[in-house]
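Student: what's the 3D shape of this:
(one chain, ligands or ions: 2)
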Amino acid sequence: MRGRPPHLRSTISGVMHLAAPGCVGDDAPEPPDGTQVARVLRVDRGLLTVLAAAGEQRVHPGGGLHDGSGVAVGDWVAVRGELAVRVLPRRTAFVRTAAGRGSAPQVVAANVDVVLVVDALGGAARLRRIERYLAVAWASGATPVVVLTKADLCPDVPAALALVAEDAVGVDVLAVSAVSGAGLAELRARVHPGCTAAMVGPSGVGKSSLVNALTGRPVAATAGIREDGRGRHTTTARELHQLPGGGLLIDTPGMRELALPGADGLDTTYADVADWAQDCRFRDCAHRTEPGCAVSAAIDRGELDPSRFTAWRKLQAEAHRQELRADARARAEEHARVRAFSRELRARPGRPRR
Ligand SMILES: Nc1nc2c(ncn2[C@@H]2O[C@H](COP(=O)(O)OP(=O)(O)OP(=O)(O)O)[C@@H](O)[C@H]2O)c(=O)[nH]1
Ligand SMILES: [Zn+2]
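Tutor: Ligands and ions are numbered 1, 2, ... in the order given. Prediction:
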């Protein structure tokens, strides 16, 4: 199996953190002169709640902050008085595409070390869904951990764990229950002091219940206690929670519409498929009917699940579209390629060259 791409290695090193309320970690980034550094806990309608040396504070984003991607939960900002004047360089970032329009990606969480890819046990394992979240997680620069919730509802936890672990190449897989408390200690140990974790996963798998279980406080509204008839989605505020053990946990609704920013995370999630693809006879092999296709051979030998292969293809197409959207130059090149191709087609049949 191929290793992680170099830029995804050792993402836990050099962690910046707030060890306790009001205490900026020693390894916080250097602030510019005359300012202090603070961590963004919440973003409401442009107003930022930050944790600085003096404690929690509400600050306004200064004009210089609007660099296109905005400020996100988990960002480190330089604060002067009641103004956040600069976003410090991000180590990792989760982006989502702005709903329905153009190319402006929005950062929804920054400086995340560990991504908890949350799904529920009980029922068929949703391997394809987990793979997609894993690819997004790897692409952000953070290290994913799969957290399978509702272990109390699963009749055979070890078997369910094994199934997911076999699919999630090189990723730790844990089973937990917010109801019985099983597995929570092990999960807490992953979000150690100085570590910032974030959760991704579809609605209803138990993310809010997990936040409450980990923080020991009802900080997130769960489906069970919300009866206001306003639809299924319960999480409304972007939040960065402090866990009793010293770690930080980000739970923001934006994490549910994550885009695949590119193909990097895919090669890590599907390291086995990517490895086989390197052995194909043709470098641009489409893995369909080409002779010498190592991917098709692996499927024929039963070493690669065809549905895993199909998922990889689909996500590659999605990542490709995303790259095009995000990169205007690539889009122009793609247009040029299509135009050249159509010119070539028009020039071909019965059209004498001049
Ligand atoms: N049996 C069992 N039920 C759970 C567990 N965790 C969550 N639930 C239930 O699953 C339902 C959904 O849980 P939530 O925590 O609201 O799920 P969520 O992922 O935050 O959902 P959204 O906020 O809609 O994204 C609720 O009825 C919870 O009580 C668990 O470990 N075991
Ligand atoms: Zn091939």
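Student: which helix or strand contains the residue most central in space within the chain?
Tutor: What sits nearest the mean C-alpha location of the chain, by C-alpha atoms, centre = their mean, is residue 137, with 3.3 Å. Assessed by DSSP states H and E, residue 137 sits inside helix 127-140.
Student: for that helix, which helices and strands make contact with it?
Tutor: strand 93-97, strand 114-120, strand 143-149, helix 157-167, strand 196-200, helix 264-269, helix 306-326 (3 or more C-beta pairs under 8 Å, 6 or more residues apart in numbering; DSSP states H and E). Where you see a C-beta, it was placed from the backbone N, CA and C, and this is true even at glycine.
Student: so what secondary structure elements neighbour the longest one?
Tutor: Going back to what we said before, that points to helix 306-326. Here helix 306-326 touches helix 127-140, helix 264-269, helix 271-278, helix 294-300, helix 328-347, going by 3+ C-beta pairs under 8 Å, 6+ apart.
Student: and the longest one, what other elements does it pack with?
Tutor: With contacts taken as 3+ C-beta pairs under 8 Å, 6+ apart, helix 328-347 sits against helix 306-326.
Student: in the helix it packs on, what counts as buried?
Tutor: 308-309, 311-312, 315-316, 318-319, 322-326 (16 or more other C-beta atoms under 10 Å).
Student: residue 108 is nearest to which of the helices and strands packed on helix 127-140?
Tutor: Taking C-beta to C-beta, strand 93-97 is the member of the helices and strands packed on helix 127-140 nearest to residue 108, at 5.1 Å.
Student: which strands and helices sit next to whichever helix or strand comes after the closest one?
Tutor: Later in the chain than strand 93-97, the nearest helix or strand by DSSP H and E is strand 105-110. With contacts taken as 3+ C-beta pairs under 8 Å, 6+ apart, strand 105-110 sits against strand 93-97.
Student: how about the helices and strands packed on helix 127-140 in CSV, adding mean pLDDT and distance to ligand 2?
Tutor: Shown next, in CSV, are the helices and strands packed on helix 127-140 (pLDDT from 0 to 100; distance: least, C-beta to the ion, whole Å):
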stretch, mean pLDDT, distance to ligand 2
strand 93-97, 77, 30
strand 114-120, 94, 28
strand 143-149, 95, 27
helix 157-167, 91, 21
strand 196-200, 92, 31
helix 264-269, 82, 15
helix 306-326, 81, 10
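Student: how far is stretch 177-196 from where the chain is centred?
Tutor: Counting by C-alpha atoms, centre = their mean, to the nearest Å, stretch 177-196 is centred 19 Å from the centre of its parent chain.
Student: domains for this structure, by residue range?
Tutor: What automatic domain parsing lists as the domains of the chain is 17-90, 109-257, 264-347.
Student: most tightly packed of these?
Tutor: Mean neighbour count, computed with mean count of other C-beta atoms under 10 Å, is highest for domain 109-257 among those, reaching a mean of 19.
Student: now it, how far from the chain's geometric center?
Tutor: The chain centroid and the centroid of domain 109-257 are separated by 12 Å under C-alpha atoms, centre = their mean.
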